[in-house]
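# A structural model of the following input is requested.
(2 chains)
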Amino acid sequence: MSAVAEGRKHRRRKGFDRPRFLWALYVGICLYLFVPILVVIIYSFNSSKSLQVFGGLSTRWYRAFWNDPDIKASLVASFEVAAVTMIIATVLGTLLAFGLVRARGRLGGTANILMLLPLITPEIVTAVGLLLLFGRVHTELSLKTIILGHITFSISYVTVIVRARLSLLNREVEEAAMDLGATELGALRLVTLPALYPAIGASALLVFVLSFDDFVTSVFISGAGTSPLPVRIYSLLRVGVSPEINAVGTTMIGITLLIALATLPLLLWRRRTEPPAAAAAPASE
Amino acid sequence: MRRRGLWSSFLVPPGLWLVALYVVPLGLIVAASFGTVDFLGRVIYSWPFSGWDLSNYHTVLSSAYLPAFLRSLTFAALTTLLCVLIGYPVAYVIARYGGRVRHLLVVLLVLPWFVDYLIRVYAWIVLLGDNGVVNGWLGDLGMSGDPPVQFLGTWWAVVGGLFYSYFPFMVLPIYAAVDRMDSALVEAGKDLYGTPWQTFRYVTFPATFQGVVAGAVLVFLPASGDFANAEFLGSPGTSMIGNVINGTFNQGGYVPLGGTLTVCFMVGIAAFMVFYLRSASRASREGAL
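Here you go, the predicted model:
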């Protein structure tokens, strides 16, 4: 037995199996992914205006950004849009997940296609469509129309994440609650929803980031008033690169990475609670 | 106690939302693509069988827009290829040899995606722009020229930016596929005296091919409709169809023509979308999703 294992170990050291070259590739790709972002962060603390000379540490560009009422208004607007989008899209997406997993009949298949389509439609297409729609029904473009647009592309993300968890849940626990006198909706609220909280929480945070960072939809359907931060950055970039954008960008990086890191424990929690439910799932279907 | 149709009724609110704000807008794009504008510049939509005006399509298909279409497809295809060639080995080594930290290693690759999309594009301007960091160093090293090297404004800068934007979409499905694969299959391949290459060619790659396909679609589709990378990292000579569409709608172009361009773009990528939908709905029927 151990001789076989030894033999395998020995063989594993040869040729394609030796992944040192592949790990080098991994490190290389990590550098490629992180260096540009780190450069933005480092140069946001540059005291000189030049991008080529690092003149020393300073919070000059953060003060400039903080004293710019337009950019501050955009930051607040982005938060508002993302928060409202997060709440509504999470509710709608969770409803859709329940419907897709549990409804019988043809309606579910159609709804499934309808749910998957927005995920793979290039965003520019949906954005053009929304622009035409709001023009057609004579709705003035504002933060409200942006929220409507963001919810539309966010629903499917929530559904995919929540459905993955929901389809692993053991239906019999819910039936036991009903045998003990709970109504169907009561069992849903007391038994099923708590088991889904990690997935729902993770998808809510993902939607917040998607909405907070969204640029394509927002740029198409933002009106004359305050625009979300990415749209503001877009118009600043069209004028040219300025160190202030580094500071704005670093602030956004900080916000979204904090949220991303908050999402991780939720997803890992899900992993730990998975096996018992997963093992029983086929019997209930 | 048990109500029939309770779960179906859950489909109604999100379903209506998606019909109103996804399906109807797509219909409006099609209707606009056959339409014209009135004297105030408002779109006059043209509905089926009420006399389709094909002139917008003649304009799109006969003229200067073809290069932008071809560039979009070429750039997106190159980006996808690059993502497979680099994403597959990276995802493979993490899933097979990452041990207990493998989830963490994947998260590290996905983390930059959480950084705002425009900031990621902007980061390349800071790094590689004519007055950027790298050109500053090259100048200090004594390279002549102003700038020493022109990185941006080239087609490969655009492809590099697209790769940077969408790489995680390739890594995640391949990683999931390799992680799911039974490693005993590889051992079996070796026990049958397959060379490492043969084992990869006939065992590992076929077993994880679904992940590659999913990743390819998830990279190709958004890359083909992208415009920020081409706008900021490219030059007018590298503009993609997204730039043309964006210009039509956001810089005061002829709106029905923008609709026609969008429809033609959708037709161009429809095959990929249908392909993905079919495999995804098959996967959800089999309970894999």
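# test my guess that B:G234 contacts B:T154.
Yes. Applying CB atoms under 8 Å as the test, B:G234 and B:T154 come out as touching, 7.4 Å apart. For every residue, glycine as well, the C-beta is placed using N, CA and C.
# I figured A:E80 hits A:S142, correct?
No. Taking contacts as CB under 8 Å, A:E80 lies outside contact range of A:S142: 11.5 Å.
# quick one, domains of chain A?
Using automatic domain parsing, the domains assigned to chain A come out as A:19-58, A:69-284.
# mean pLDDT and mean neighbour count added to these, as JSON lines?
Formatted as JSON lines, the domains of chain A follow (pLDDT from 0 to 100; neighbours: other CB atoms under 10 Å in any protein chain shown):
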{"stretch": "domain A:19-58", "mean pLDDT": "85", "mean neighbour count": "16"}
{"stretch": "domain A:69-284", "mean pLDDT": "86", "mean neighbour count": "19"}
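# columns distance to chain B on top of those, output as a markdown table?
A markdown table is the format used below for those (distance: least, CB to the nearest CB, whole Å):
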| stretch | distance to chain B |
| --- | --- |
| domain A:19-58 | 3 |
| domain A:69-284 | 3 |
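# nearest to B:A207, out of those?
B:A207 sits nearest to domain A:19-58 of all the domains of chain A, at 18.0 Å, using CB to CB.
# so how far is that closest one from its chain's centroid?
24 Å (CA atoms, centre = their mean, to the nearest Å).
# start to end distance for it?
Distance between the two ends of domain A:19-58: 43 Å, counting by CA to CA, to the nearest Å.
# can you pull out the strands in the stretch 151-289 of chain B?
Taking DSSP state E, counting those that start in this stretch as the criterion, the stretch 151-289 of chain B carries no strands.
# would you pull up the residue in it closest to chain A?
Chain A sits closest to B:G225 of the stretch 151-289 of chain B, with a gap of 2.8 Å, by CB to the nearest CB.
# so that residue makes contact with A:T126?
No. Judged on CB under 8 Å, B:G225 makes no contact with A:T126 at a distance of 9.8 Å.
# which residues of the stretch 1-150 of chain B fall in helices?
Listed in chain order, the helices of the stretch 1-150 of chain B (DSSP state H, counting those that start in this stretch) span B:6-10, B:12-18, B:24-33, B:55-62, B:66-97, B:102-110, B:117-128, B:133-140.
# can you say which of the ones you listed is packed in most?
helix B:117-128 (a mean of 24; mean count of other CB atoms under 10 Å in any protein chain shown).
# could I have the CA atoms of that one written out in PDB?
Extracted in PDB, the C-alpha atoms of helix B:117-128 (Å, rounded to 0.1, in the frame of the first residue of the first chain):
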ATOM      1  CA  TYR B 117     -14.600  49.000 -13.800                       C
ATOM      2  CA  LEU B 118     -13.700  52.500 -14.900                       C
ATOM      3  CA  ILE B 119     -11.000  52.800 -12.300                       C
ATOM      4  CA  ARG B 120      -9.400  49.600 -13.700                       C
ATOM      5  CA  VAL B 121      -9.400  51.100 -17.100                       C
ATOM      6  CA  TYR B 122      -8.000  54.400 -15.700                       C
ATOM      7  CA  ALA B 123      -5.300  52.500 -13.900                       C
ATOM      8  CA  TRP B 124      -3.700  51.500 -17.200                       C
ATOM      9  CA  ILE B 125      -3.700  55.200 -18.300                       C
ATOM     10  CA  VAL B 126      -1.800  56.000 -15.100                       C
ATOM     11  CA  LEU B 127       0.600  53.200 -15.600                       C
ATOM     12  CA  LEU B 128       1.200  53.200 -19.400                       C
END
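# one step back: how about TSV for the helices of the stretch 1-150 of chain B, with mean pLDDT and distance to A:A204 added?
Supplementary listing: the helices of the stretch 1-150 of chain B in TSV, determined by pLDDT from 0 to 100; distance: least, CB to CB, whole Å:
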stretch	mean pLDDT	distance to A:A204
helix B:6-10	85	18
helix B:12-18	94	15
helix B:24-33	90	25
helix B:55-62	82	41
helix B:66-97	92	27
helix B:102-110	87	18
helix B:117-128	89	20
helix B:133-140	84	37
